[in-house]
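Trainee: how does the following fold in three dimensions:
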Amino acid sequence: MAQQKVKRLPKADVEAIFGAFAAAEPEPKGELDYVNPFTLLVAVVLSAQATDAGVNKATKLLFQLADTPEKMVGLGVAEIEDKIKTIGLFRNKAKNVFALSQQLIERFDSKVPEDREALESLPGVGRKTANVVLNIAFRQPTIAVDTHLFRVANRTGLAPGKTPLEVETGLLKIVPDQYLLHAHHWLILHGRYICKARKPDCWRCIISEWCRFEPKTPPPKGT
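Mentor: Numbers count the residues shown, from 1 in each chain. I've put the predicted structure just below:
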């Protein structure tokens, strides 16, 4: 479905949208499995161009064997590859996981840094990955823009933008402070399950009355 150009929503509608999200799901959670900040970082790096379900399946055994940078380095690249071979781009991702584990040991005393610039200096870690880790592991009010969030922000009129950074910046400006910690989870999950790429389920959307997307999709026949 082609992306429509929409006008930015007024402040009152933005507040109503996030109020609706908060009422429906006060504590939204990401869908990647992890046991500590290190395994979260690895899971997010592995999730690029892969589904969370696929990553969780691959990391179940990996994290049992290696839940620290030292253990991950101890496995070696070949063993990491073997454990994540069901994930797309697994060879390159295995090299990144091994290298970032080495750097965490050498540069950060084996701890995941609580700083975006430091996180982005690690192999395989871009702005989106850093934002996810900062938000989930360290409860910082960041916005991680994936394809789902990018679509929702543009379709609804919350934060129209041509690039992920434009959307992120736009959302940081308009999301009320009390909703900022959970904003990216609400929007990602909404895009994944309701405001889907090919055809959004407008008929069961809790924010449809404020959304700029037209025409709204009707319920399937027989429902």
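Trainee: can you tell me the element the closest residue to residue 175 other than its chain neighbours falls in?
Mentor: Nearest non-adjacent residue to residue 175, counting by CB to CB, 6 or more residues apart in numbering: residue 183, 4.7 Å away. For every residue, glycine as well, the C-beta is placed using N, CA and C. Residue 183 is part of helix 180-193 when elements are defined by DSSP states H and E.
Trainee: what are the buried residues along that helix?
Mentor: Across helix 180-193, burial judged by 16 or more other CB atoms under 10 Å covers 180-192.
Trainee: and which of those residues is nearest residue 165?
Mentor: Comparing those against residue 165 with CB to CB places residue 184 closest, at 13.9 Å.
Trainee: would TSV of the buried residues of helix 180-193 with distance to residue 60 and pLDDT be doable?
Mentor: What follows is the buried residues of helix 180-193, written out as TSV (distance: CB to CB, whole Å; pLDDT from 0 to 100):
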residue	distance to residue 60	pLDDT
180	32	97
181	28	97
182	26	97
183	29	97
184	25	94
185	22	96
186	27	98
187	27	98
188	22	96
189	22	96
190	27	98
191	26	97
192	21	95
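Trainee: out of those, flag the one nearest to residue 29.
Mentor: Closest approach between the buried residues of helix 180-193 and residue 29, by CB to CB: residue 185, at 6.9 Å.
Trainee: residue 171 is in contact with the residue nearest to residue 175, correct?
Mentor: Yes - between residue 183 and residue 171 there is a contact under CB atoms under 8 Å: 6.5 Å.
Trainee: which neighbours do the two have in common?
Mentor: residue 143 (CB atoms under 8 Å, 6 or more residues apart in numbering).
Trainee: picking up where we left off before, quick one, what contacts the residue nearest to residue 175?
Mentor: 18, 141, 143, 171, 175.
Trainee: want to throw those residues into JSON lines with neighbour count?
Mentor: Below are these laid out as JSON lines (neighbours: other CB atoms under 10 Å):
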{"residue": "18", "neighbour count": "22"}
{"residue": "141", "neighbour count": "16"}
{"residue": "143", "neighbour count": "24"}
{"residue": "171", "neighbour count": "21"}
{"residue": "175", "neighbour count": "24"}
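Trainee: secondary structure element for residue 167?
Mentor: helix 164-174.
Trainee: buried ones in that helix?
Mentor: Buried residues in helix 164-174, defined by neighbour count with 16+ other CB under 10 Å: 164, 166, 167, 168, 170, 171, 174.
Trainee: how about stretch 23-33?
Mentor: 28, 30, 32, 33.
Trainee: with respect to pLDDT, which of those residues ranks lowest?
Mentor: Here the lowest pLDDT out of these sits on residue 30, with 91.
Trainee: and the residue lying closest to that residue once chain neighbours are set aside, how many neighbours?
Mentor: Using CB to CB, 6+ apart and skipping residues adjacent in sequence, the residue nearest residue 30 is residue 136, 5.6 Å away. When neighbours are defined as other CB atoms under 10 Å, residue 136 has 22 of them.
Trainee: dump the helix holding residue 167 to CSV, keeping only the CA atoms.
Mentor: Extracted in CSV, the C-alpha atoms of helix 164-174 (Å, rounded to 0.1, in the frame of the first residue of the first chain):
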residue,chain,number,x,y,z
PRO,A,164,14.2,7.3,10.6
LEU,A,165,16.1,10.2,12.2
GLU,A,166,13.5,12.7,11.1
VAL,A,167,10.8,10.5,12.6
GLU,A,168,12.8,10.0,15.8
THR,A,169,13.4,13.7,16.2
GLY,A,170,9.8,14.5,15.5
LEU,A,171,8.5,12.1,18.1
LEU,A,172,10.9,13.3,20.8
LYS,A,173,9.5,16.8,20.2
ILE,A,174,5.8,15.9,20.5
